[in-house]
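J.: requesting a structural model of the entry that follows:
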Amino acid sequence: MVLIKEVVIGSNELTITHLQFADDTILFCEAKWLEVVTIKRILRCFEILSGLKINYHKSVIAGIGVKEVMLQSFASRLNCAHQRLPFKYLGVPLGANPGVVIDFYNRRGGIQVWNLEFRRPLLAWEEEEVCRLHSFLINASEMRATKPDVWKWKADPSGVVSVASVYKRYEFFLGSVRKMAVVVWNNCAPPKVKFFGWLAWQGNVKTSSFLQRIGILDASAIVGCVFCENEVESVNHILLFCPFVWLLWSHIMKWWVSQWAMPNTMEGLL
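T.: Predicted coordinates:
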């Protein structure tokens, strides 16, 4: 019995039930109550098993050829917003005609020129990435307008991306998995605690200084520690050097009947 019917696209009749990127997910189903309720139950089971919570207020249900009344009913059942195509997912318009690569390309006197336009001002780190992209495109092979656009994963002879090929490429450039990664992920802690430990180890906890560095907070925003208000709220300060946190660590070490020397970084602590 098929509870959720997949989407079939393309001449090869590729079937898709979901798409994922980082912590964003798109789920596909028919506009039927049974399938919508099944998705709701699956998401609830995920919450119970993982200990994580799904923010339905940031979720959206969109219909193709679905009556507005039914779409509103589905949204009410899922406790989320509803809208129609086209809409944006990760900044990319869905349901609209995005064009093809050749639309952004032309030749001028034997030189390849790429016309890349953005809908908003770029952040500093995004400008650096665009410069890298331009350098890559200038040195890329010449475009052939008569050939269709094709995705190809060069890390695997088959040209098809897979988790195994991505992992092998990661190991080739960055080396094998560090022992610390095993310590962070292979333990009995809840998944969200493991994830936080991984963020702390990588220095990517969303502190005020981190959010200011990536452009989420303005340069004039207050980025002081929420506990002591004396230092900038960085990963090492908020988890190690803050007097309030240091006192907490001291109580823990006293409880464990242990003595320790304060490490300089979170990696040293882990």
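J.: pretty sure Ala81 sits against Ser59.
T.: Yes - if you go by C-beta atoms under 8 Å, Ala81 and Ser59 touch, sitting 7.3 Å apart. Glycine gets a C-beta too; all of them are placed from N, C-alpha and C.
J.: which of those two has more neighbours?
T.: Ser59 (16 against 13; other C-beta atoms under 10 Å).
J.: pretty sure that one sits against Cys80.
T.: Yes - in this structure, Ser59 is within contact of Cys80 by C-beta under 8 Å, at 4.1 Å.
J.: nearest residue to Ile64 other than its sequence neighbours?
T.: Once flanking residues are discounted, Ile64 sits nearest to Leu85: 6.3 Å by C-beta to C-beta, 6 or more residues apart in numbering.
J.: count of residues packed around that neighbour?
T.: The number of residues near Leu85, taken as other C-beta under 10 Å, comes to 11.
J.: so it touches Val66, yeah?
T.: No - in this structure, Leu85 is not within contact of Val66 by C-beta under 8 Å, at 10.6 Å.
J.: how about the helices in this structure?
T.: Assigned helices in the chain, in chain order: 33-50, 68-78, 124-138, 163-174, 179-185, 191-202, 208-213, 235-236, 243-255, 266-269 (criterion: DSSP state H).
J.: redo these as JSON lines? Include distance to Ala155 and mean pLDDT.
T.: Below are those laid out as JSON lines (distance: least, C-beta to C-beta, whole Å; pLDDT from 0 to 100):
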{"stretch": "helix 33-50", "distance to Ala155": "30", "mean pLDDT": "88"}
{"stretch": "helix 68-78", "distance to Ala155": "38", "mean pLDDT": "89"}
{"stretch": "helix 124-138", "distance to Ala155": "16", "mean pLDDT": "84"}
{"stretch": "helix 163-174", "distance to Ala155": "4", "mean pLDDT": "80"}
{"stretch": "helix 179-185", "distance to Ala155": "21", "mean pLDDT": "77"}
{"stretch": "helix 191-202", "distance to Ala155": "23", "mean pLDDT": "88"}
{"stretch": "helix 208-213", "distance to Ala155": "30", "mean pLDDT": "86"}
{"stretch": "helix 235-236", "distance to Ala155": "32", "mean pLDDT": "88"}
{"stretch": "helix 243-255", "distance to Ala155": "42", "mean pLDDT": "87"}
{"stretch": "helix 266-269", "distance to Ala155": "29", "mean pLDDT": "72"}
